[in-house]
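# Sequence first, then the predicted structure:
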Amino acid sequence: MLIQRDASLLLLVDLQEKLAPAIFESERVIRNSVRLLKAAQQLGVPVFVAEHCAGSIGPVVPEIRNATTIETTAGPKVNPTFFAKTHFSCTAEPGVLDLLREAGRPQVIVAGIECHVCVLQTAFGLREAGFDVFLAADAASSRTPENHQAAVERMRAGGIHTATTEMVIFEWLHRAGTDDFRALLPLLR
């Protein structure tokens, strides 16, 4: 199953200031999450950003905040929808499933931290709610590589599709030679 631009949305989970420094390869996770965010905005893919207990673990990292408003060649600015949560799973937070369903897109690309806690529980909650779920595995991690790997394996075994940041972007693009392709080339180099 390919990821389709008009059928998907992006959900970034808990990429927050006080948690990020403790995450294995956090620079890679943040860099790839920003790449996904910018590509989604360019292509008109709805973006949702979760913040878990922001009063305790801080707001979303500056790299994500600074990348949340861009001009696109496809039309008006596409701004992410931020939401607060206290449940580990985004889907357990009151109103979040309704918010995601309102986008009218059956595919959800999930990225963020921690992979074995909030990302995993969110992915399974989305799958249970009827979404086709894709984990951007190189835009997700945990405090230890063992927890990240175990989460990826468990999600894959449980029917969550795994992908990489570039897989997602190239599947959204579908073809070369377009204005969108040229606009996103810097993210793919």
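Here it is on my side, so go on.
# give the contact list for the closest residue to E128 other than its chain neighbours.
Computed as Cβ to Cβ, 6 or more residues apart in numbering, the closest residue to E128 that is not its neighbour in sequence is T91, at 7.6 Å. Any C-beta I mention is one placed from the backbone N, CA and C, and that applies to glycine too. By Cβ atoms under 8 Å, 6 or more residues apart in numbering, T91 lies in contact with 97, 121-122, 125-126, 128-129.
# Tell me which of the residues you listed fall in helices.
If you go by DSSP state H, these have 97, 121-122, 125-126, 128 in helices.
# Confirm for me that S142 is in contact with L120.
No - taking contacts as Cβ atoms under 8 Å, S142 lies outside contact range of L120: 9.3 Å.
# overlap in contacts of the two?
A151.
# just to revisit the earlier point, out of the contacts of T91, what pair is the most spread apart?
Farthest apart among the contacts of T91 by Cβ to Cβ are L97 and Q121. That separation is 13.3 Å.
# related to what we said a few turns ago, got a PyMOL select line for the buried ones in the ones in helices among the contacts of T91?
For the buried members of the ones in helices among the contacts of T91, the matching PyMOL selection, counting by 16 or more other Cβ atoms under 10 Å, is:
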select buried, resi 97+121+122+125+126
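# What is the burial count for R65?
15 (other Cβ atoms under 10 Å).
# Please name the nearest non-neighbouring residue to it.
Nearest non-adjacent residue to R65 (Cβ to Cβ, 6+ apart): P59, at 7.0 Å.
# Quick check: V45 touching L9?
Yes - using Cβ under 8 Å, V45 makes contact with L9 at a distance of 6.2 Å.
# and these two? which has more neighbours close in?
Neighbour count, other Cβ under 10 Å: between V45 and L9, V45 has more, with 25 against 20.
# three-state assignment of that one?
With DSSP: H, G, I helix; E, B strand; the rest coil as the basis, V45 sits in coil.
# how much space between it and G95?
Remark: distance between V45 and G95 (Cβ to Cβ, to the nearest Å) = 21 Å.
# Same question for A150.
30 Å.
# Those two: which has the busier surroundings?
Under the neighbour definition other Cβ under 10 Å, A150 and G95 were set side by side, and A150 has more, 15 against 8.
# any idea what sits nearest the more buried one, other than its immediate chain neighbours?
With sequence-adjacent residues excluded and distances taken as Cβ to Cβ, 6+ apart, A150 is closest to H116, at 6.1 Å.
# Determine the longest strand present in this structure.
strand 132-141 (DSSP state E).
# Give me the helices and strands touching that one, please.
On a contact count with 3 or more Cβ pairs under 8 Å, 6 or more residues apart in numbering; DSSP states H and E, strand 132-141 meets helix 26-43, strand 107-113, helix 120-128, helix 145-157, strand 161-163, helix 165-173.
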